[in-house]
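Novice: Next input, structure requested:
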Amino acid sequence: MKSEFTSPFLQSSWERSSAYGVDPLENRDAAILDAGMLRQHRQEKQSLLQQMEPSLMRLYTWIRHTQSSVIVADTNGYILESIGDPAFLSSADRIHLMKGACWTEQVKGTNAIGTVIVEQKPIAIVGQEHFCVQNQFLCCAAAPIFDKAGRLTAVLDISGYHEQYHPSILAMVDVVARNIEDWMIIGDVGSHLIVSLSSDANDHGQHQALLAVDEDGVLVGANREARMVLGIQESFRRPVLLSDLLMGCQPLLARTSRHLAQEVSVRSSGDHTATWHAEVFLDRRDPVVAFSSSVRTKHESQKTNSQSAHSQPSNPQTAWSTRYSFSDICAGDANLAAALQLARRAAVTDYNVLITGETGTGKEMVSQAMHHASPRGKQAFIAINCSVVSKSLMESELFGYEAGSFTGAKASGQPGKIELAHEGTLFLDEIAEMPSDMQTALLRVLQERTIVRVGGTKPVPVDIRIIGATHKDLWQEAQAGHFRQDLFFRLQGIQIALPPLRARADLMDLASHFLAVIGEELQKHPLLLAPDAHRLLQQYDWPGNVRELETVLRQAAFLAVDNTLRAQHFPARMASKQATQPQQQPHLETPPETQVDRQRLRQVEVQAVLDAMRETDGNISQAAKLLGIGRNTLYRKLKKI
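Specialist: Numbering: from 1, shown residues only. A predicted model of the protein is given here:
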């Protein structure tokens, strides 16, 4: 038994190791999973591993030159992921510090992974603090990763040679682990409201206390900081209302933008004079009514973009600057607004992003807005459409070429898109169409952070953030063998799904926006939709999405003699496609005029409800009173809307 221990937990761990019967001098083989069992263990944590991947790669980038490895283990001590310096990995393999090996205290004695599983706190085990002699060449710093309910779900570890240990390594691992926990809460797909707590309004530290509540105000998640603030010692065993934990939180739960921040106090603390600054961090609850923001005219957008261009530094890369920011995107639809909220949050990180959505949903517009809002916003935004560049030219387009590399090459050579995007953003549109050999080359760039031009031998360092976009299900493509799975996981740091236009609630708001812009172009003020044109837009399924809407409105406005757009001014395909759709006429005996009257009455009713909700800031009771109807009746009408 070790005679001197630097901490009580270390002594307890050595005592447990002895009780487990671990022989410190015996080179016992670790329990190692076969390939099938390892695959099963990884599948059980597949969602977590996908969420962790960007953080792991960032952590690996930080320590790649320190003869270390980054390790992820599950709660049973089995190593699910290990990346690092090849020389160190070779040494680690000799003691089975490798994928599939079990590193619990029962198997390996005192070690960072196994001891963190027991102690559930960040721990470093250095050199002779390891129970087994064969492990004492190591320094291991590990931190627990808890899920949103406070249950241990994994262990993050950095292992290296003990001579190179520095206390900052443990701090770094803990920071990354907490960031992963935060992202598990933020990236949850549920319809939750996320509230942040800080000591004061100006405290925007990296680790704020985060709370997630459902639509009923029940607490469904909290990170470590929030659990400490609220005094929650164990995982949730019964439903708890946020109002039972925080005094003064009710305005945060209201579905109105007027109450985004509030001073609150913790009920369990006993000291109600100690206040916390609570703020709505992210709201994914299904809104009762989604209101459209005011639209900007094309002239205003051009003016803003012109001012932004003049404010940028003189740099040849600004030839590839962005045209759009988030303020240029009309988002009166709840699903789109949620996607844009996620995009804003992602913009300030350096994570790779995958934007999915049908053709014409605005994937490049969102990618430009993200670049504009990112720390890289003053650097280059380089876009390439992988579906239109031929396979033979793709390599030189991405990586550039040296002089004389091939017939027709420039005498001076040419940098590729990746090199041009250095310190900026590379946007890979329709990335699912990238040839397989280029997928392999791109994966190597993401791993090594260097490129070699075609015909060259000298590695060129590159610092890029990648935003990919596709209209396909990239995961299905990967499973079918059409796209590399390892590249998929590296690209999907954050996935943002844009809804198709037919699923959006703000179709007519968007049409009004485009009509205002087009009216200014054609000097027709104001442009209006006739009733038949209005019906046509609402009933059409918009396979070309927002891009098609803008195109057909511009065509109709040009063809209209006066300021009123009628159905006859729109492409014939819209009417024919509508005519081929199944007719839904539950009351065939009703005269057509009565159907029109009912539709108009319905429109008037909807507008009245929306006006009342706007006037009362979404207060159901006040809106119902204003309309002269009961609350339940108003709820039913809102559900129909």
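Novice: Am I right that residue 156 is in a strand?
Specialist: Yes. The secondary structure assignment for residue 156 places it in a strand, going by DSSP: H, G, I helix; E, B strand; the rest coil.
Novice: Find the nearest non-adjacent residue to it, please.
Specialist: residue 177 (4.7 Å; CB to CB, 6 or more residues apart in numbering). (C-beta placed from N, C-alpha, C; glycine too.)
Novice: got the contact list for the one you found?
Specialist: Contact partners of residue 177, counting by CB atoms under 8 Å, 6 or more residues apart in numbering, are 122, 143-145, 156.
Novice: now for these, which pair is the farthest apart?
Specialist: Pairwise distances among the contacts of residue 177 were taken by CB to CB; the largest, 10.8 Å, belongs to 122 and 145.
Novice: Please say which of the two ends up with more neighbours.
Specialist: Applying other CB atoms under 10 Å to residue 122 and residue 145 shows that residue 145 carries more neighbours, namely 23 against 19.
Novice: can you pull up the bridge partners for the more buried one?
Specialist: Using DSSP bridges, the bridge partners assigned to residue 145 are residue 154.
Novice: surely it meets residue 151?
Specialist: No. If you go by CB atoms under 8 Å, residue 145 and residue 151 don't touch, sitting 10.1 Å apart.
Novice: Counting neighbours, what do you get for residue 34?
Specialist: If you count neighbours by other CB under 10 Å, residue 34 ends up with 9.
Novice: Quick check: the gap between residue 347 and residue 371.
Specialist: Between residue 347 and residue 371 the distance, using CB to CB, to the nearest Å, works out to 8 Å.
Novice: Name the residue closest to the centre of the chain, please.
Specialist: To find the centre residue of the chain, average its C-alpha atoms and take the closest one (CA atoms, centre = their mean): that gives residue 494, at 3.4 Å.
Novice: Checking the closest residue to that one other than its chain neighbours next. Helix, strand or coil?
Specialist: For residue 494, ignoring the flanking residues on the chain, the nearest one in space by CB to CB, 6+ apart is residue 346 at 4.5 Å. Assigned by three-state DSSP, the conformation of residue 346 is helix.
Novice: How about the one 3 residues further on?
Specialist: In three-state terms, and counting by three-state DSSP, residue 349 is coil.
Novice: just residue 375 next, same as before
Specialist: When the rule is three-state DSSP, residue 375 gets the label coil.
Novice: what about it, how many residues close to it?
Specialist: Neighbour count for residue 375, taken as other CB under 10 Å: 12.
Novice: Do I have it right that it meets residue 424?
Specialist: No. Taking CB under 8 Å as the contact criterion, residue 375 and residue 424 are not neighbours in contact, 10.4 Å apart.
Novice: How about the contacts made by the closest residue to residue 425 other than its chain neighbours?
Specialist: By the measure of CB to CB, 6+ apart, the closest residue to residue 425 outside its immediate chain neighbours is residue 371, 4.3 Å from it. Neighbour list for residue 371: 322, 347, 377, 381, 424-425, 427, 467 [criterion: CB under 8 Å, 6+ apart].
Novice: and if you look at residue 460?
Specialist: Residue 460 is in contact with 419, 450-453, counting by CB under 8 Å, 6+ apart.
Novice: Could you do residue 276 as well?
Specialist: The neighbourhood of residue 276, defined by CB under 8 Å, 6+ apart, consists of 197-199, 209, 229, 246, 263-266.
Novice: Tabulate these (JSON lines), appending neighbour count, secondary structure and pLDDT.
Specialist: Shown next, in JSON lines, are those (neighbours: other CB atoms under 10 Å; DSSP: H, G, I helix; E, B strand; the rest coil; pLDDT from 0 to 100):
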{"residue": "197", "neighbour count": "23", "secondary structure": "strand", "pLDDT": "88"}
{"residue": "198", "neighbour count": "18", "secondary structure": "strand", "pLDDT": "83"}
{"residue": "199", "neighbour count": "14", "secondary structure": "coil", "pLDDT": "77"}
{"residue": "209", "neighbour count": "20", "secondary structure": "strand", "pLDDT": "88"}
{"residue": "229", "neighbour count": "21", "secondary structure": "helix", "pLDDT": "86"}
{"residue": "246", "neighbour count": "24", "secondary structure": "strand", "pLDDT": "86"}
{"residue": "263", "neighbour count": "13", "secondary structure": "strand", "pLDDT": "83"}
{"residue": "264", "neighbour count": "22", "secondary structure": "strand", "pLDDT": "84"}
{"residue": "265", "neighbour count": "16", "secondary structure": "strand", "pLDDT": "84"}
{"residue": "266", "neighbour count": "18", "secondary structure": "strand", "pLDDT": "83"}
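Novice: Tell me the one of those residues nearest residue 526?
Specialist: Proximity of the contacts of residue 276 to residue 526, judged by CB to CB, is greatest for residue 263, which lies at 45.1 Å.
Novice: so that closest one touches residue 247, yeah?
Specialist: No. Between residue 263 and residue 247 there is no contact, the gap being 9.7 Å when judged by CB under 8 Å.
Novice: Just the mean pLDDT for stretch 402-421, thanks.
Specialist: Summarised as a single mean, pLDDT over stretch 402-421 is 78.
Novice: now the end-to-end length of it.
Specialist: When the termini of stretch 402-421 are compared using CA to CA, to the nearest Å, they are 18 Å apart.
Novice: what comes into contact with it?
Specialist: Residues from elsewhere that reach stretch 402-421, judged by CB under 8 Å, 6+ apart: 317, 320, 380-382, 384, 396-401, 426, 445, 451, 453-456, 460, 462, 464.
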